[in-house]
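Trainee: Got a predicted structure here, sequence first:
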Amino acid sequence: MAGAAQAHLVDAHCHGVYPGDLGLGSFEARLPGAAAPGTTLFDSPTGFALRRWCPPLLGLEAHCAPARYLARRRELGAYEATRRLLRGAGIAAYVLDTGECAELTSPKDLAAAAGVPVRETVRLEPLAQQVADTSGTVGAFLANLAEAVHGAAVGAAGFSCCGDGTAGPAGLDAGGADAGPPGPAEVRQAAVAWLSARTVGARPDHPVLLRHIRWHAVATGLPLLLRYGAGGRGPSAAGQFLRATAGLGTEVVLLPGGPHEAAAADLAAELPHVYVGIGRDPAAALGRTPFGKVLYASGAGGLPELAVTAAKGFLAELGRAVAVRVASGEWSAADGCHVASLVAAGNARRLFPFG
């Protein structure tokens, strides 16, 4: 559908890009997936999408050979290639998750290269790690942690953290029957256990301590993004935490891995302050969730090419999902354009105002 195909996206969850030049091997190593021995990741859905959409942005014909593409990339230089790719991706604004890797571009550098607004979500785990590295006692760590979270809220778009994974076997609901804020004694005991066992640079993995940090973030009133990989229990394990945060003024964005999208969409449909961020095909979420709850959230980072391919792929899938409903008479053409605009950018702009 034309309205969806021409939409400019707001990416509600992404990472920075590598600023340097890359050879064939180091470039391919940053593509997602694992190639079979003797094969290449350029022969993959991402590789084919890259060869379709990225060469024209660098002045080459679509589908050119990978070696030719990378030669052109080196000829332009990393900054100019990144600038052209990001400005041709069709993304009107980014919400950048910092803390993934110190080598990736900062919000300021990404904004300069892309030529669009960039806002930052602060990742809680590395923030707690930095506080622990510079605090000499348990009492100082807990006091400095509270100060660090509330200080980071100034100017930030929100916070992000892992939804399960290292948070323990019960994810967000670990350490409490109602998943509310843990008590001071419980927090101190968890801090003592973690600090006594950690090495410098280690990020928190104690479920009670993680729960405590998340509630500090909730207290700021900024949106909280919960990330999920393909493994783990997924967003369904966070149900008690999500219900405990209802009505407090903090919106929660679930960023599910592929297997967990249905559970995340159902929670977004049930709870007014919960949203779901989708990086690929939004059709299933649009069948289960109010349209004002679905955001584009690519999770892309590392290579600027991945921002391009994710955006082009998402817009294509959004266009197809809308076109099917319009063609069947389920939606009017105006309804289709309205839904496309909400999902592509409107919902993210409402959640993360760009001024």
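Mentor: Ah, there it is.
Trainee: mind listing the strands for the chain?
Mentor: Residue ranges of the strands in the chain, as given by DSSP state E, are 9-14, 91-98, 118-123, 158-162, 224-227, 252-255, 274-278, 294-296.
Trainee: right, and Arg84 touches Leu57 too?
Mentor: Yes. Using C-beta atoms under 8 Å, Arg84 is in contact with Leu57, at 5.1 Å. Backbone N, C-alpha and C define where each C-beta goes, glycine included.
Trainee: picking that back up, mind putting the strands of the chain in TSV, mean pLDDT and mean neighbour count included?
Mentor: Below are these laid out as TSV (pLDDT from 0 to 100; neighbours: other C-beta atoms under 10 Å):
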stretch	mean pLDDT	mean neighbour count
strand 9-14	96	27
strand 91-98	95	24
strand 118-123	96	23
strand 158-162	93	24
strand 224-227	95	25
strand 252-255	96	27
strand 274-278	97	28
strand 294-296	98	28
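Trainee: which one of those lies closest to Glu330?
Mentor: Nearest to Glu330 among those is strand 294-296 (16.9 Å), distances taken as C-beta to C-beta.
Trainee: neighbouring strands for the closest one, and are they parallel or not?
Mentor: If you go by DSSP bridges, strand 294-296 pairs up with strand 274-278 (parallel).
Trainee: Okay, angle between the strand it pairs with and strand 91-98 too, please.
Mentor: Counting by axes from the mean of the first three to the mean of the last three C-alpha atoms, to 10 degrees, strand 274-278 lies at 110 degrees to strand 91-98.
Trainee: who touches strand 274-278?
Mentor: If you take C-beta atoms under 8 Å, 6 or more residues apart in numbering as the criterion, strand 274-278 is touched by 12-13, 225, 242, 251-256, 261, 264-265, 267-268, 285, 289, 293-297, 314, 347, 351.
Trainee: Please compute how far that strand lies from its chain's middle.
Mentor: Centre-to-centre, strand 274-278 and its host chain are 10 Å apart (C-alpha atoms, centre = their mean, to the nearest Å).
Trainee: which of the residues in the longest helix along the chain are buried?
Mentor: Criterion DSSP state H: the longest helix present in the chain is helix 304-327. Across helix 304-327, burial judged by 16 or more other C-beta atoms under 10 Å covers 304-315, 317-323, 325-326.
Trainee: how about the closest residue in space to Leu110 that isn't next to it in sequence, what does it touch?
Mentor: The shortest distance from Leu110 to any non-neighbouring residue, by C-beta to C-beta, 6 or more residues apart in numbering, is to Val118 (5.0 Å). Neighbour list for Val118: Ala93, Tyr94, Val95, Leu96, Pro107, Lys108, Leu110, Ala111 [criterion: C-beta under 8 Å, 6+ apart].
Trainee: again, 6 Å this time
Mentor: Val118 makes contact with Tyr94, Leu96, Pro107, Leu110, Ala111, according to C-beta atoms under 6 Å, 6 or more residues apart in numbering.
Trainee: for Trp331, same thing?
Mentor: When contacts are counted by C-beta under 6 Å, 6+ apart, Trp331 touches Arg325.
Trainee: Look up the pLDDT of it for me, please.
Mentor: Per-residue pLDDT puts Trp331 at 97.
Trainee: okay, and for the stretch 151-300 of the chain, where does confidence drop off?
Mentor: Residues of the stretch 151-300 of the chain that meet the criterion pLDDT under 70 lie in 164-179, 230-232.
Trainee: redo that, cut-off 80
Mentor: 163-179, 229-234, 257-258 (pLDDT under 80).
Trainee: Can you report how many residues neighbour the nearest residue to Arg83 once chain neighbours are set aside?
Mentor: Leaving aside its sequence neighbours, Arg83 sits nearest to Ala113 (C-beta to C-beta, 6+ apart; 4.9 Å). Neighbour count of Ala113, defined by other C-beta atoms under 10 Å: 24.
Trainee: Show me what the residue nearest to Leu110 bridges to in the sheet.
Mentor: Tyr94.
Trainee: separation between it and Leu303?
Mentor: For Val118, the distance to Leu303 equals 17 Å [C-beta to C-beta, to the nearest Å].
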